[in-house]
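> Quick one, structure for this:
(2 chains)
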Amino acid sequence: MTTRAWPALPALILLLVFFLFPVVRMLGFSLEGGTFDWYAKALGEGLYLRVFWNTFEIALLVTVFCLLLGYPLGFLMATTTPGWATLGFIFVLLPLWTSVLVRTYAWMVLLGRNGVFNRLLMEAGLTTDPIPLLHNFTGVLIGMVHVLLPYMVLPIYGAVRRIDPAIPAAAAGLGASGGRIFWRIYLPLTLNGIFAGSVLVFVLSLGFFITPALLGGGRVMMIAVLIEQQVREALNWPFAAALSAVLLVATFAIYALAQRFSQPETTR
Amino acid sequence: MNSKGNTRRLLVAACALIYFFLMLPLLVVFPISLSSAPYMQFPPPGLSWQWYERYLDDPQWIDATWRSLYVGGATAALALALGVPLAFALVRSRFPGRALLDRLALAPLIVPTIILSVATYGLFAKLKLVGTWYGLVVAHTVLALPFVVLVLAAGLRDFDRALEQAAAGLGASRWQTLRRITLPMLRPSLVSAGLLAFISSFDEVVVALFLAGANMTLPKKMFDNIMMEIDPTIAAVSVIQILLVSVVLILIGRFGRGLRDSAR
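This next block holds a predicted model:
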C-alpha cells in the first residue's frame, strides 16, 4: 500500500491558511508606507535595543543554568538501572506537561515577599528583611530555568544512551580515573546532545512570554512581552510586526547555524 | 574504585537536589490548596476544603473548565484527522516539496508562540473569529499538529510493512488493510498523539489570551486571576490540573507508545 501526497492536503491547507498566511500578513504590516522606519525604531532606539540585549542575556543565562543542572540529570538517567530511569523520567515529564501557569503561580508563592522561602529564611534568622526574589531578574531566571530544564535533559539523556558502555568500561579497565573518563570519553561523545539541548533552550527562551510577564512584574522586559504590549496596549501593529520580524529572523538564523554545525539528529 | 563510588554518590546527591527543584512547584500547591487561612499563608494554619468548594461553586471556573475540556477534545480530534494522513504522506511517499512540507508541519514548534498568537489574532479580528471556541480550536490545532506528526512518524517508521503486504496478498482491499491491520497496529502511537494534542491545548495560555475573548479557557482564567489577586482558589485549580496531567501521562505510559518515545 503506497500513499501518495494527497492525504497531506487538508493539513497543508490548514497550515497555509491559519499559520503561514497570518504570519506573513502580519509581518507585512512592518513595511507600512514602504519604509523601514519601524525597523529603524526597533533596532536604533536605545530603549528597544536594550530589550533585545536583555532578552539575549536572559536566554544565555537560562541556557547556561539549564546545562549545569541538566547534564548531571541526563547523565544519571542514562547510566542508572531501568527502574530508577523510569522514575527519573516521570519527575522530568510531569513538570514538563504541567501548565506553565501552574508552575509560575507556584513560584510566586515560593518566592514572594511573604513567600515560603522568605518565611523560612526569616524564621531561621538568616535575614531580617525579605529578600527580593520575585518581580525581578532572579525570579524570571528561576522560573524560566524550571520550565526549560526538561528540554535540556532529554537530548543529553539521548546522547549518553548512544555511547557504547564498553568504551568507558575499557577505559576504566585500563586504569583511567573517573574524571578522566568523563573528560576524554563522555564529554566529547555527548557534545551533540549538549549542542542540541542548548540551541533548543536558547531559542525557546528568546520567545518566552508568560514567565517574564508574571514573574518579572513589569520590571523585566523581554521581547515577547514588548510585542504583546505593542499590540494590546499601544495598538501599534506596524511596530509589533517589526519586532516580531526581528525575533523570527533571530530564531531562524540560530536554527540554521545550528544545523550547519551539528550532525543531523537520528530521530528525524 | 572507592573514589569512583564517591563521585557517583555526589552525582546522585546533586541530582536529588535538582529533582527537588523540578518537583517543588508541583508539590507546594497541594498544602496551599488545603489551607484554612483566608489568604495565602504558608505553612497553612489548618486544613479545609474551602478553596475546592469555592472553585466548584463558581460558575466562571466551571465554565472555563468545560470550555478547556471541549476545546482540548476538539483540538485532539482535528489534529489527529489532519495529522495522521499528513504523517502517512510524509513517511511513505516521495513527492516534490516533501522536505518543505515536513519543515512547515514542524514550524509551529519553532516559531515563537507570541508571534503566532499576534498574527492569528490579527486575522481572526478581521474574520470575526475572536471569542469563538472553534477559532481557538483551529489555532490550537496548528500548535498540536507537530506533536501528532512527530509521534506518528516515529510509529510509522518502525512499522513492519510485510504485514500489509500479507493482507493484500490474501485479497484484502486497501481500505480493509488500513482499517484491520495498519491502524490497529498504530494504536499506541495514535493514543499518545491524541493525548499530547489534548494536553497541549488544555494547558495553552498565550494563544488563548489573545483569541478567547470573554469566553475564558481555564488557563486564561488562571492568568487573569494571578494578575488581579493571588487567592488560593488557583492552588486548588492547580492541583486538579496536575492530577489530570498525571492521569494523562499514566494513560500514555499504559496504552500509548512509551513515554520516552513521545518525549523526543
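
> burial count for the residue lying closest to A:Pro238 once chain neighbours are set aside?
In this structure, A:Pro238 finds its nearest non-sequential neighbour in A:Glu32, 4.5 Å apart by Cβ to Cβ, 6 or more residues apart in numbering or on different chains. For glycine as for every other residue, the C-beta is placed from the backbone atoms N, C-alpha and C. When neighbours are counted by other Cβ atoms under 10 Å in any protein chain shown, A:Glu32 registers 14.

> Hmm, A:Tyr39 and A:Glu32 touching each other?
No: using Cβ atoms under 8 Å, A:Glu32 is not in contact with A:Tyr39, being 11.2 Å away.

> Give me the phi and psi for B:Leu129.
phi -100, psi -10 (degrees, to the nearest 10).

> pLDDT score for it?
pLDDT recorded at B:Leu129 is 92.

> secondary structure element for the closest residue to it other than its chain neighbours?
Of all residues not flanking B:Leu129 in the chain, B:Gly135 sits nearest, at 3.5 Å (Cβ to Cβ, 6+ apart). Per DSSP states H and E, B:Gly135 falls inside helix B:133-157.

> Tell me the helices and strands packed up against the helix or strand just after that helix.
Sequence-wise, the next helix or strand downstream of helix B:133-157 (DSSP H and E) is helix B:162-169. For helix B:162-169, the packing partners by 3 or more Cβ pairs under 8 Å, 6 or more residues apart in numbering or on different chains; DSSP states H and E come out as helix B:174-177.

> what about dumping the CA coordinates of the helix it packs on to PDB?
The C-alpha trace of helix B:174-177 is given here as PDB (Å, rounded to 0.1, in the frame of the first residue of the first chain):
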ATOM      1  CA  ARG B 174      -6.600  -1.200   0.600                       C
ATOM      2  CA  TRP B 175      -9.300   0.200   2.800                       C
ATOM      3  CA  GLN B 176      -9.600  -3.200   4.700                       C
ATOM      4  CA  THR B 177      -5.900  -3.300   5.200                       C
END
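
> What is the following helix or strand past it packed up against?
As assigned by DSSP H and E, the chain's next helix or strand after helix B:174-177 is helix B:183-185. Applying 3+ Cβ pairs under 8 Å, 6+ apart, one finds that helix B:183-185 contacts no other helix or strand.

> Quick one: residues in contact with helix B:183-185.
B:Phe159, B:Leu163, B:Leu190 (Cβ atoms under 8 Å, 6 or more residues apart in numbering or on different chains).

> Run the chain-centre distance for that helix.
Its chain's C-alpha centre and that of helix B:183-185 lie 23 Å apart, by Cα atoms, centre = their mean, to the nearest Å.

> Who are the packing partners of the helix holding B:Gly135?
helix A:9-15, helix B:59-92, helix B:98-110, helix B:113-127, helix B:187-202, helix B:206-211, helix B:259-263.

> Quick check: which of those is nearest to A:Ala256?
With Cβ to Cβ, the closest approach to A:Ala256 among the helices and strands packed on helix B:133-157 belongs to helix B:98-110: 10.9 Å.

> Just want the angle from that closest one to helix B:59-92.
160 degrees (axes from the mean of the first three to the mean of the last three Cα atoms, to 10 degrees).

> For helix B:98-110, list every residue counted as buried.
Neighbour counts over helix B:98-110 (16 or more other Cβ atoms under 10 Å in any protein chain shown) mark B:Leu101, B:Asp102, B:Leu104, B:Ala105, B:Leu106, B:Ala107, B:Pro108, B:Ile110 as buried.

> among these, which are within reach of chain A?
Among the buried residues of helix B:98-110, the residues within reach of chain A (Cβ under 8 Å from any Cβ of the partner chain) are B:Leu101, B:Leu104, B:Ala105, B:Ala107, B:Pro108, B:Ile110.
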